[in-house]
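**Q** With the sequence up front, the predicted model follows.
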2 protein chains.
Amino acid sequence: MAPRGETRERILRTAADLFQRQGYHGTGVNQVLVESGAPKGSLYFHFPEGKEQLASESVALSGRTVGEALTEAVLAAPDARAGLAALGEHFARSLRDSDFRKGCPLATVALETAAESETIRAACDTAYGEWLDGLRAALRGWGVPAERAGPLAALVLSSLQGAVMLARVQRDVSVLHQVTRQLAELL
Amino acid sequence: MAPRGETRERILRTAADLFQRQGYHGTGVNQVLVESGAPKGSLYFHFPEGKEQLASESVALSGRTVGEALTEAVLAAPDARAGLAALGEHFARSLRDSDFRKGCPLATVALETAAESETIRAACDTAYGEWLDGLRAALRGWGVPAERAGPLAALVLSSLQGAVMLARVQRDVSVLHQVTRQLAELL
DNA sequence: AAATTTGTAGACCGGTCTGTCTAGTCTGAC
DNA sequence: GTCAGACTAGACAGACCGGTCTACAAATTT
């Protein structure tokens, strides 16, 4: 038998990856099981509330993972221009590396389930909230006055999200660079 | 029997509405048929390529409809500040009126199918392209120099898309207003 | 070593999915 | 009046859905 907790984590990581690529309704629990090599019993043992629980925990996991990567990229940047470029490049690389299959890890699931599952919606809300907090702190670090950092963080996050979506639809990352450059210019 | 072409249009309009609310995989053709009152035979007569064709045509229809509404809102605005406010208000109303079920008519389907169906992806790409054209023209009308209008249109569309998504997740339109206000301020 | 907990394993269930097929009913042309 | 084409009507098929259930194996406690 596999070591303690190892199966649970394998299921969760597989699910997070599949939900990001295919969305909530596009991903079946059977596919998660096949790709993670776990039997059905294990899934419903570790996630007794089923697919919905699997999705909320996947969202939380992806949110934390990407949030840390973004924080890292942003902290290493000396100013707003460099920071925004790093953010854009992070998502651009993710798109290219996955042949435009992986954009924002939450967006698809978020849109699909916002009106359908309060649990998943709340998990997405929390994750995005953390990203906003990180962005706000970074903006203050770059010299943005405190009272403008909130709205500006919302603008930055919104435009990044939108640009990642457009880039996937266009199968071209250039819109992502256009947007980050414009943002940097305007700040 | 219903008048010529009437059934086809009823199916298409119902499908467009459901796809917008529930996404591609979240909407079954059976549901479209029940809500439009059409039998299955009619669907596959009018849309021989099935669900995929139904979705691409729905995307094209929604894209055109919303595109026209946006163009109208934007043309009526005297300057960038008023135009952006009108755009934000358009989406905010759509969110409120539908209890946060209807945001961008394309985004959910676009993200779900971008990597799965070339046909639907292309339809989304075309629709977004038209919106970008409209925005670019509006920006020029508001005095933005031609060489900056393109990237700025991308920024405006991206941030609107992202803000609409965040607003759905947060069940609160205020991020939408924050974003349009910041955009107006920066222009 | 016996008992208990923890986790694995997959057959199975009712329901729903998209799509096909045959039969029937309109409408307009001749 | 009849025939062709356009369209409606829904039963049906096979695959797949999420979820439950029972049996069993390993680890841990007593």
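**A** That came in fine, so what should we check first?

**Q** Could you use CA atoms for every contact and neighbour count after this?
**A** Fine.

**Q** Which residues are in contact with A:Leu160?
**A** Listed by CA atoms under 8 Å, 6 or more residues apart in numbering or on different chains, the contact set of A:Leu160 reads A:Gly88, A:Leu176, A:Val179, A:Thr180, B:Ser158, B:Ser159, B:Gly162.

**Q** The second one: helix or strand, and which one exactly?
**A** Secondary structure from DSSP states H and E places A:Leu176 in helix A:174-186.

**Q** Also within reach of DNA strand D: list those from the contacts of A:Leu160.
**A** Among the contacts of A:Leu160, no residue sits close to DNA strand D (CA under 7 Å from any atom of the strand).

**Q** Touching, A:Phe100 and B:Ala115? I think so.
**A** Yes - look at A:Phe100 against B:Ala115 with CA atoms under 8 Å: they come within range, at 7.0 Å.

**Q** Give me the more crowded residue out of those two.
**A** A:Phe100 (23 against 19; other CA atoms under 10 Å in any protein chain shown).

**Q** Any idea which residue of chain A lies closest to DNA strand C?
**A** Proximity of chain A to DNA strand C (CA to the nearest atom of the strand) peaks at A:Gly41, 3.2 Å away.

**Q** What strand or helix carries that residue?
**A** helix A:40-46.

**Q** Out of the contacts of A:Leu160, which is nearest to A:Leu18?
**A** B:Gly162 (22.1 Å; CA to CA).

**Q** Tell me who's in contact with that closest one.
**A** Per CA under 8 Å, 6+ apart, neighbours of B:Gly162: A:Leu157, A:Ser158, A:Ser159, A:Leu160, A:Gln161, A:Gly162, A:Ala163.

**Q** now do A:Tyr44
**A** A:Tyr44 sits in contact with A:Gly50, where contact means CA under 8 Å, 6+ apart.

**Q** which regions of chain A sit below the pLDDT cut-off?
**A** For chain A, the stretches with pLDDT under 70 are A:1-4.

**Q** Could you find the residue nearest the spatial middle of it?
**A** Against the mean C-alpha coordinate of chain A, by CA atoms, centre = their mean, the closest residue is A:Pro105 at 3.4 Å.

**Q** Let me see the backbone angles for that one.
**A** Per-residue torsions, A:Pro105: phi -70, psi -20 (degrees, to the nearest 10).

**Q** what's the neighbour count on the closest residue to it other than its chain neighbours?
**A** Nearest non-adjacent residue to A:Pro105, counting by CA to CA, 6 or more residues apart in numbering or on different chains: A:Gln20, 4.8 Å away. A count of neighbours around A:Gln20, defined by other CA under 10 Å, yields 25.

**Q** For A:Gln20, list the residues it contacts.
**A** A:Lys102, A:Gly103, A:Cys104, A:Pro105, A:Leu106, A:Thr108, A:Val109.

**Q** who are the neighbours of the helix holding A:Leu176, in terms of helices and strands?
**A** Applying 3 or more CA pairs under 8 Å, 6 or more residues apart in numbering or on different chains; DSSP states H and E, we find helix A:174-186 packed against helix A:80-97, helix A:146-170, helix B:146-170.

**Q** wait, does the shortest one contact chain B?
**A** Spelled out, it's helix A:80-97. No - counting by CA under 8 Å from any CA of the partner chain, chain B is not contacted by helix A:80-97; separation bottoms out at 11.2 Å.

**Q** quick one: buried residues of that helix?
**A** By neighbour count on 16 or more other CA atoms under 10 Å in any protein chain shown, the buried set for helix A:80-97 is A:80-89, A:91-92, A:94-96.

**Q** Also the last one?
**A** Taking 16+ other CA under 10 Å as the basis for neighbour counts, the residues of helix B:146-170 that come out buried are B:149-170.

**Q** and if you look at stretch A:22-32?
**A** Result for stretch A:22-32 [16+ other CA under 10 Å]: buried residues A:Gln22, A:Gly23, A:Tyr24, A:His25, A:Gly26, A:Thr27, A:Val29, A:Val32.

**Q** what residues are up against the nearest residue to the fifth one once chain neighbours are set aside?
**A** Nearest residue to A:Gly26, sequence neighbours excluded (CA to CA, 6+ apart): B:His25, at 5.9 Å. Going by CA under 8 Å, 6+ apart, B:His25 touches A:His25, A:Gly26, B:Glu112.

**Q** Number of residues surrounding A:Arg121?
**A** Neighbours of A:Arg121 using other CA under 10 Å come to 24.

**Q** what about it, distance to chain B?
**A** Distance from A:Arg121 to chain B, counting by CA to the nearest CA, to the nearest Å: 6 Å.

**Q** For that residue, which residues are in contact?
**A** A:Ala110, A:Thr113, A:Ala114, A:Ala115, B:Val169 are the contacts of A:Arg121 under CA under 8 Å, 6+ apart.

**Q** which residue packs closest to A:Ala127, ignoring adjacent ones?
**A** Using CA to CA, 6+ apart, the closest residue to A:Ala127 is A:Gly63 (5.0 Å).

**Q** Give me every residue in chain A lying close to DNA strand D.
**A** Counting by CA under 7 Å from any atom of the strand, the residues of chain A that sit close to DNA strand D are A:1, A:25, A:27-31, A:40-41, A:44, A:48-52.

**Q** which pair in the residues you listed spans the largest distance?
**A** A:Met1 and A:His25 (31.2 Å).
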